[in-house]
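**Student:** fold the stuff below for me.
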Amino acid sequence: MADIALIEGKRAAEIQACVERAVISLNAESLEQALEKAKLTRSD
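**Tutor:** Have a look, this model is predicted:
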């Protein structure tokens, strides 16, 4: 998340909050499940 925050010019806490809202809005139990529901893949 730190890398995304750096690219976006935001604090890591802001990015984390966005991710948490996305997980909740997708009714997912985890980030991986949210990505699956959104039909995205996680790149490390």
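
**Student:** what's the longest helix in this structure?
**Tutor:** Identified as the longest helix of the chain according to DSSP state H is helix 12-25.

**Student:** packing partners of it?
**Tutor:** Helices and strands touching helix 12-25, as assessed by 3 or more C-beta pairs under 8 Å, 6 or more residues apart in numbering; DSSP states H and E, comprise helix 2-8, helix 31-37. C-beta coordinates here come from the backbone N, C-alpha and C atoms, glycine included.

**Student:** would you mind finding the most buried of those helices?
**Tutor:** helix 31-37 (a mean of 15; mean count of other C-beta atoms under 10 Å).

**Student:** could I get it in PDB with only the CA atoms?
**Tutor:** The C-alpha coordinates for helix 31-37 follow below in PDB (Å, rounded to 0.1, in the frame of the first residue of the first chain):
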ATOM      1  CA  LEU A  31      -8.800  -8.300   0.000                       C
ATOM      2  CA  GLU A  32      -8.300 -11.500  -2.100                       C
ATOM      3  CA  GLN A  33     -12.000 -12.300  -2.000                       C
ATOM      4  CA  ALA A  34     -12.800  -8.700  -3.100                       C
ATOM      5  CA  LEU A  35     -10.400  -8.900  -6.000                       C
ATOM      6  CA  GLU A  36     -12.000 -12.200  -7.000                       C
ATOM      7  CA  LYS A  37     -15.500 -10.700  -6.800                       C
END
